[in-house]
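Enquirer: Here you go, sequence then predicted model.
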Amino acid sequence: MTAPKFTTLGCRLNAYETEAMKDLAEAAGVTNAVVVNTCAVTAEAVRKARQEIRRLRRENPDARVIVTGCAAQIDPDSFAAMEEVDAVIGNTEKMAADTWKGMSADFIGESEAVQVNDIMSVTETAGHLIDGFGTRSRAYVQVQNGCDHRCTFCIIPYGRGNSRSVAAGVVVDQIKRLRDQGYNEVVLTGVDLTSWGADLPGGPRLGDLVMRILKLTDIPRLRISSIDSIEADDNLMMAIATEPRLMPHLHLSLQHGDDLILKRMKRRHLRDDAIAFCEEARRLRPDMTFGADIIAGFPTETEDHFENSMKLLQDCDLTWLHVFPYSSRPGTPAARIPNKVNGTVIKQRAARLRAAGDDRVQAHLAAQIGRDHAVLMEAPDMGRTEQFTEVRFATPQPVGQIVRATINGVDGTQLTA
């Protein structure tokens, strides 16, 4: 009997949920299975999911192939129709112990091949306690799931449902448990982090959760994954200003730099809002660095619109870019917008954004030479600074520990020490 194999595609929240599924599957006695946790953020992500499923079937001809995640939640029938797939389970079902009991070798009876319910009917998110994953230095904690907003390009709410928050007490307990396991850094994850708390008694905000974690735990480093800057609350800004254990690195869901395109995307911020937030955050924390999601080639995007995205890199002083060529998703309002941008133009614009982003990274790296950093070691010869920059060490360091180092050079996209 072999333990099930898990493959994760997509976001950190998926990665967190995979670890929880491993525990659930082990407890249920699931064996000889391959589980694919899919992503649906772009059409390309769905294509890669199908490709991965076929590859895993070829490599594991006698195992059951179980498909879950956002792509499976949104379009379960198409995955169930694949000859390589034995079972499809939804995003809610994958986190339920009974689902995995039905997949176990000694289960008596028949388990439905497709177990996907209406994600919009789900009103709670459980905080699954796991002992961490990835490196032995950094762990991820789910604090929120789903999204109440309907950006015109985004299919994810249909895979994740509406926003649900994990209670603060559960989050704190999870972080204490991870700390006891030896973790020195925790990353808070969710689909729409800044909506955390809206469905909880009293309507607390993300900043309240951050302050509570820092007060009630001794975790040395706390990170926030991706936020919508327009929803940053006063306590979050206070934490940025006053809490050195909150790392000076924020990934922003910006998506574009032109006001007309932002409105057509149904975003909640305008260009000046993004710039003002970055200026204020850096005023409060001068060593703050920003990453951002930017979409190239949204329908109706002209060269002038695109240039405003290019200028945003400088105006917001962005460092780490996630560039997405626009991908039309059936079922989203943007898919019905006429005046699509030519596919070749989309690729060219995405390449220009990435090239500009590479230049921004190199400028950031060069500015670190001669500076001292606290580096969290992920491997004997590699760790990350407070701003999430990779540092390569000439001599081995203890994995999982935070070490002080003076940066002496740059090698590609890494610092050296």
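Expert: Sure thing, it's come through. Numbers count the residues shown, from 1 in each chain.
Enquirer: Now stretch 31-47: average pLDDT?
Expert: Stretch 31-47 shows a mean pLDDT of 88.
Enquirer: One more: stretch 88-105?
Expert: Stretch 88-105 comes out at a mean pLDDT of 81.
Enquirer: So for it, what gets flagged as buried?
Expert: The neighbour-count check on stretch 88-105 (16 or more other Cβ atoms under 10 Å) flags 88-95, 99-104 as buried. From N, CA and C alone the C-beta is placed, and that goes for glycine too.
Enquirer: try stretch 213-222
Expert: Across stretch 213-222, burial judged by 16+ other Cβ under 10 Å covers 213-214, 217, 219, 221-222.
Enquirer: what's the span of it, first residue to last?
Expert: 9 Å (Cα to Cα, to the nearest Å).
Enquirer: Same check on stretch 377-391?
Expert: End-to-end for stretch 377-391, by Cα to Cα: 9 Å.
Enquirer: Would you map the helices across the stretch 251-400 of the chain?
Expert: With DSSP state H, counting those that start in this stretch as the criterion, the stretch 251-400 of the chain has helices at 259-265, 271-284, 303-315, 343-368.
Enquirer: oh, I was asking about the stretch 1-150 of the chain
Expert: Under DSSP H, counting those that start in this stretch, the stretch 1-150 of the chain gives helices at 12-28, 43-59, 70-74, 76-80, 97-101.
Enquirer: can you redo those helices as a markdown table with distance to residue 286?
Expert: Below are the helices of the stretch 1-150 of the chain laid out as a markdown table (distance: least, Cβ to Cβ, whole Å):
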| stretch | distance to residue 286 |
| --- | --- |
| helix 12-28 | 27 |
| helix 43-59 | 36 |
| helix 70-74 | 38 |
| helix 76-80 | 48 |
| helix 97-101 | 47 |
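Enquirer: Show me the one of those helices that comes nearest residue 377.
Expert: In terms of Cβ to Cβ, the element of the helices of the stretch 1-150 of the chain nearest to residue 377 is helix 12-28, at 19.9 Å.
Enquirer: burial of the nearest residue to residue 162 once chain neighbours are set aside, as a residue count?
Expert: Closest residue to residue 162 apart from its sequence neighbours, by Cβ to Cβ, 6 or more residues apart in numbering: residue 146 at 4.9 Å. Number of residues near residue 146 (other Cβ atoms under 10 Å) recorded here: 24.
Enquirer: hang on, isn't residue 146 packed against residue 157?
Expert: Yes - the criterion here is Cβ atoms under 8 Å, and residue 146 meets it with residue 157 at 6.8 Å.
Enquirer: count of residues packed around residue 285?
Expert: Applying other Cβ under 10 Å, I find that residue 285 has 21 neighbouring residues.
Enquirer: ok, it - contacts?
Expert: 240-241, 248 (Cβ atoms under 8 Å, 6 or more residues apart in numbering).
Enquirer: Just the ones in helices from those, please.
Expert: 240-241 (DSSP state H).
Enquirer: From the contact counts, what lies against whichever strand or helix holds residue 404?
Expert: Using DSSP states H and E, residue 404 maps to strand 402-406. Judged by 3 or more Cβ pairs under 8 Å, 6 or more residues apart in numbering; DSSP states H and E, the packing partners of strand 402-406 are strand 372-379.
Enquirer: what pairs with the strand it packs on, and is each one parallel or antiparallel?
Expert: strand 382-384 (antiparallel), strand 402-406 (antiparallel) (DSSP bridges).
Enquirer: Tabulate the ones you listed in a markdown table, adding columns for mean neighbour count, mean pLDDT and distance to residue 39.
Expert: Putting those into a markdown table (neighbours: other Cβ atoms under 10 Å; pLDDT from 0 to 100; distance: least, Cβ to Cβ, whole Å) gives the following:
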| stretch | mean neighbour count | mean pLDDT | distance to residue 39 |
| --- | --- | --- | --- |
| strand 382-384 | 23 | 96 | 24 |
| strand 402-406 | 14 | 96 | 31 |
